[in-house]
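Undergrad: Okay, sequence plus prediction incoming.
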Amino acid sequence: MIYWYLFLAFFIPGILGYGGGPASIPLVEKEVVDRYEWMTTQEFGEVLALGNALPGPIATKMAGYIGYAEGGIGGAIVALFASVAPSLILMVILMVTLLKYKDSPKVKNITKLVRPVIAVLLGAMTLQFFMTSIESSGTIQTIVLIIVSYWLLEIRKVHPAFVILMALVYGAVSGIV
């Protein structure tokens, strides 16, 4: 039964997550954390950070990891397939439709309507991670990490993978001390 749940947990967000991996992350989080309770919000955030540090699509990396954690190699295969299948199916359907109606103003406006929804979902997830960080690490540490991360990313132009790695090391060291 775990394979069926893994399939649903990644197939449904794959269908509803218009815009790729980043758009489906809040939907995957809802399934993995809230619905099936396979991990906490903090654990999901750590998996997301690790997945962002590695090359390749985030959705498949997360599906592979979570699928393996819950169902072994078979679970990883099912979750990866479920993560990729909606994109393949929908791409074929979408390409046929778009080619048929490519000059329609309605088709051109679809993207304008969907982008704000994705922005709100990502913003809500960010706020939830922020609140979880404050609860587990404290306000001062959370604000310091945000400021230092912003400075490294925007001012110093450090690659995000290195910033995530530094934050993971900081978290591990501060957790030991």
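TA: Arrived safely, thanks for sending. Numbering: from 1, shown residues only.

Undergrad: Does Val32 touch Thr40 like I think?
TA: No: with contacts counted by CB atoms under 8 Å, Val32 stays clear of Thr40, the gap being 9.9 Å. C-betas here are computed from N, CA, C, even on glycine.

Undergrad: Comparing those two, which residue is more hemmed in?
TA: Between Val32 and Thr40, counted using other CB atoms under 10 Å, Val32 has the larger neighbour count: 26 against 13.

Undergrad: With Ala85 as the reference, measure out to Ile66.
TA: Taking CB to CB, to the nearest Å as the measure, Ile66 falls 16 Å from Ala85.

Undergrad: Neighbour count: those two, which is higher?
TA: Neighbours were tallied for Ile66 and for Ala85 using other CB under 10 Å; the higher tally belongs to Ile66 (27 against 15).

Undergrad: Please identify the buried residues of stretch 167-177?
TA: Ala167, Gly171 (16 or more other CB atoms under 10 Å).

Undergrad: Which secondary structure state is assigned to the residue of the chain most remote from its centre?
TA: Here the chain reaches farthest from its C-alpha mean at Asp103, the gap being 32.7 Å by CA atoms, centre = their mean. Here Asp103 takes the coil state, with states given by DSSP: H, G, I helix; E, B strand; the rest coil.

Undergrad: how about it, phi and psi?
TA: Main-chain torsions, Asp103, degrees, to the nearest 10: phi -100, psi 0.

Undergrad: tell me what the longest helix belonging to the chain is packed against?
TA: When the chain is parsed with DSSP state H, its longest helix is helix 58-100. If you count contacts as 3 or more CB pairs under 8 Å, 6 or more residues apart in numbering; DSSP states H and E, helix 58-100 packs onto helix 2-16, helix 21-29, helix 41-53.

Undergrad: Could you check the angle the helix or strand following it makes with helix 58-100?
TA: For helix 58-100, the succeeding helix or strand toward the C-terminus, using DSSP states H and E, is helix 105-137. In terms of direction (axes from the mean of the first three to the mean of the last three CA atoms, to 10 degrees), helix 105-137 departs from helix 58-100 by 170 degrees.

Undergrad: any idea how far helix 105-137 is from the chain center?
TA: From the chain centre to the centre of helix 105-137 is a distance of 11 Å (CA atoms, centre = their mean, to the nearest Å).
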